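>>> Sequence first, predicted model second:
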Number of protein chains: 2
Amino acid sequence: MSTGDVAVGILRRIAAEPVTRSVLAKETGLAPSTVSAKITELMDAGLVQEGGAAPSRGGRPGRLLSISYTSGRIAVISMGAKHARLGLADFSRTILCSSAIDIDVADGPERTVELLANEVRALLERDGGDLLSVGICLPGPVDAVRRVVVAPSRMPGWHNQDVGALLEKQLGVPAITDNDANMAALGEYLSRADAAANSITVLAGTGVGTGIIAGGELYRGSTYASGDITHTKVEAAADRMCTCGNRGCLETIASGAAIVRDLNQSGIKVGDIFEVLDMVRDGDPTANGAIREAGRQLGLALSTVVNFFNPGDVYLTGALSAASVYVAAVRSQLYERCLPLATAGLRVEAAQAGGEAGMIGAAELAIIHLLNQPGLPARFTEPAE
Amino acid sequence: MSTGDVAVGILRRIAAEPVTRSVLAKETGLAPSTVSAKITELMDAGLVQEGGAAPSRGGRPGRLLSISYTSGRIAVISMGAKHARLGLADFSRTILCSSAIDIDVADGPERTVELLANEVRALLERDGGDLLSVGICLPGPVDAVRRVVVAPSRMPGWHNQDVGALLEKQLGVPAITDNDANMAALGEYLSRADAAANSITVLAGTGVGTGIIAGGELYRGSTYASGDITHTKVEAAADRMCTCGNRGCLETIASGAAIVRDLNQSGIKVGDIFEVLDMVRDGDPTANGAIREAGRQLGLALSTVVNFFNPGDVYLTGALSAASVYVAAVRSQLYERCLPLATAGLRVEAAQAGGEAGMIGAAELAIIHLLNQPGLPARFTEPAE
DNA sequence: AACAGTTAGTTCGCCATCGAACAAAGTATG
DNA sequence: CATACTTTGTTCGATGGCGAACTAACTGTT
């Protein structure tokens, strides 16, 4: 009674929404007979149940299938340098509840993970459900094979740390770890029914990072370092020294941190990028101009990458993407600077999944990881018995 | 007796070099029994024969398998604006013979394809073999699904032309078409035993284009326009008007055409980039400086793309890559400008396949296309009977 | 020379999936 | 209301590939 990959795919489709066997067959491309066989197997295992009838479409109505064990939960964590957002998701990647806590990466991995685990437990206590797996987005490069953080500029003291292992020790369930921009790219890709097979997702908050979907798959690069765009040279930053050691990097003028610093230097006191965005909402022209200029500079740097990668979609997420002036600035730069063939059919939009994109991506990877573990059916049914 | 994809893979491996069944099993990952079954099938069909014994490696020696029909030929064409290189390849993608002819894209597709087809026929007459398929590299974007040339800046009058159909009409065999840089990227990837799964191949001649391999597959982008890098903005070109309508594009200073123009403007008369390369070989300091500077500028533009895409390898091909000073300039810029994590393990090298990379890639796609046509075994054995 | 060890290739039963034919359960129409 | 049509789901052989156990053919050692 091995639950192979095919059964897992079917299971996940059913988890997303009750469907009939024939719909499953059409969507997965499997033969109707194969789907029926798998469903029988899953029903025998107690994972799937037959619900009501689907509305007839001119013929015999289908029977809807649904997951019989619905209390399984995936914890997802989106970590920043000072804050973390946490949530609980089900097998359809729906974020059922969420919360936010203050942390400080300077406390180091052990202490930080302990705080995060405590909050996950608090969420579970409040909302119920059985924790099955956990996924976490980190603001730095993550070696997905060795599962360790690599040379994180914003997380000193976390180098070569296996955050997944720490989480597993705390929570007792399998954990996965990845870069926040990668997770956001995956989450946004999954959230859209009409997503292009190739896309770039920009996560613009305190820093700026991008995640890449190539051919419908998350692309991580040869050393898990793909998606950097903040060290593109832009003229407007020519004289600015960057933390990377070079001059002229985008990061020095278009990141949330740079915007805040520049505004403070010109006499407008702001604490963080969220305050700047509040000012934009209140119609402050200086803040508006700063955000627009950041968008223009990002668009300029992105134009090189769009010409090269030729994506179908560019998604903007993170704090800055909430400002429509930012999205508009990026879009207009791309349409102006890129080649006609690259902009033909190119969409440049704020992410539909918004701030949840990263958590949705984390849920996806955590679910895949969970379902690839041996002894799955037991894990699924155990808590229900 | 359907010759499925598995049999095709086995057939191609044998075509590359006689191998034993056990080697096939190890390389393809198939079960030994499956390989044996397929071989029996292929031998029954007369496509494969058993040759001598392989040297024993401490146990029972294997029996070598080879293709019994070896006269099949794939014509490959690498087309420029003024010249074309042609060749004949076998099923192992080995270029058996080649030639070059002068053409002029201004003559239009019909006339040009006629000239190319004539030369293919001349090659076949001289070297023998049965023409089975043809692949052509074009110096512009090619929609690989609709198989037509799209908005080719260097080929006015070729827009929306189906060059493959014209070739098929002339030569009577299936044809495939793709962009020259894509083909070069594929060819170089296939030529290297140790190729990284993600790579960028730069084709630098009169113009500059790149081809992308992502996850071991040729990546073409959402509108078959991927790989453009010549319209990256570089400071040194700030005041130069580009054909694309913007200013500051790399193309205006680092392409072969730009180098030739600049040298002529400074009083050094040269006809084309090959003359400049000859001067470099002869130790001319001005030519040397020009090539080096072009390499530096390319390296600068590439650094953005390498940070973003994080490839394992960067291959340089095309006329300019013959100058070691060019390769060195690109390499040093990348190592200096890119992030440490992106350069960790990054190789920057002249292409091993050299000028043949494009033709090898074209052979690969033509072979795949041929083997995916229905009625394959007949086509294979027909001429031998 | 005998025998252990190693590698090559085959036989045969198992399993997953496919696809064609069929049964089931509805809707539309005369 | 009977009949044709449509869609859903099942039954049942056919097929492709896997893998364990086996036979085959060689090398090296005692």
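Structure's in. What do you need?
>>> Can you measure across stretch A:119-135, start residue to end residue?
14 Å (Cα to Cα, to the nearest Å).
>>> Can you mark which positions in it are buried?
Buried residues in stretch A:119-135, counted by 16 or more other Cβ atoms under 10 Å in any protein chain shown: A:119-120, A:123-124, A:129, A:131-135. C-betas here are computed from N, CA, C, even on glycine.
>>> Dump those residues to TSV, plus secondary structure, distance to A:Ile200 and pLDDT.
Compiled in TSV, those are given as follows (DSSP: H, G, I helix; E, B strand; the rest coil; distance: Cβ to Cβ, whole Å; pLDDT from 0 to 100):
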residue	secondary structure	distance to A:Ile200	pLDDT
A:Glu119	helix	31	98
A:Val120	helix	31	98
A:Leu123	helix	32	97
A:Leu124	helix	35	97
A:Gly129	coil	34	90
A:Leu131	strand	33	95
A:Leu132	strand	32	92
A:Ser133	strand	28	94
A:Val134	strand	27	97
A:Gly135	strand	22	97
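>>> now, which of the residues you listed sits nearest DNA strand D?
Ranked by distance to DNA strand D (Cβ to the nearest atom of the strand), the buried residues of stretch A:119-135 are led by A:Ser133 at 26.7 Å.
>>> Just grab the bridge partners of that closest one for me.
Counting by DSSP bridges, A:Ser133 forms beta bridges with A:Ile74.
>>> How about the one 5 residues further on?
Partner residues in beta bridges with A:Leu138: A:Asn179, with DSSP bridges as the criterion.
>>> Please tell me how far it sits from A:Ala117.
Note on A:Leu138: its distance to A:Ala117, by Cβ to Cβ, to the nearest Å, is 15 Å.
>>> To which secondary structure element is A:Ala84 assigned?
Per DSSP states H and E: A:Ala84 is located in strand A:83-89.
>>> what element comes up after that strand heading to the C-terminus?
Immediately after strand A:83-89, counting by DSSP H and E, sits strand A:95-102.
>>> which outside residues touch that next one?
Under the criterion Cβ atoms under 8 Å, 6 or more residues apart in numbering or on different chains, residues A:73, A:76, A:82-90, A:115-116, A:119, A:122-123, A:126-127, A:129, A:356, A:359-360, A:363 lie in contact with strand A:95-102.
>>> re the thing from before, out of the buried residues of stretch A:119-135, which is nearest to chain B?
Of all these, chain B sits closest to A:Gly135, with 22.2 Å by Cβ to the nearest Cβ.
>>> For the residue in the stretch 51-200 of chain A that DNA strand C sits nearest to, grab the count of nearby residues.
Nearest residue of the stretch 51-200 of chain A to DNA strand C (Cβ to the nearest atom of the strand) works out as A:Arg60 at 3.0 Å. Other residues near A:Arg60 come to 9 when the count uses other Cβ atoms under 10 Å in any protein chain shown.
>>> A strand includes it, no?
No - read with DSSP: H, G, I helix; E, B strand; the rest coil, A:Arg60 is coil and lies in no strand.
>>> for A:Ile103, what are its contacts?
Counted by Cβ under 8 Å, 6+ apart, A:Ile103 has contacts A:79, A:82-84, A:112, A:115-116.
>>> For stretch A:345-359, measure first residue to last.
Note: stretch A:345-359 ends 28 Å apart using Cα to Cα.
>>> average model confidence for that stretch?
Model confidence over stretch A:345-359, given as mean pLDDT, is 95.
>>> what about the helices in the stretch 251-385 of chain A?
For the stretch 251-385 of chain A, the helices defined by DSSP state H, counting those that start in this stretch occupy A:251-254, A:256-265, A:273-281, A:285-309, A:324-337, A:340-343, A:357-371, A:376-381.
>>> Do me a favour and average the pLDDT over the longest one.
Across helix A:285-309, pLDDT averages out at 95.
>>> Buried residues, that helix. List them.
Across helix A:285-309, burial judged by 16+ other Cβ under 10 Å covers A:287-288, A:290-309.
>>> how about it, does it reach chain B?
Yes - Helix A:285-309 reaches chain B (Cβ under 8 Å from any Cβ of the partner chain) through A:300-301, A:303-305, A:307-309.
>>> Pick out the most distant pair among those residues.
Put simply, by Cβ to Cβ the two of those set farthest apart are A:Leu300 and A:Phe309, 15.7 Å from each other.
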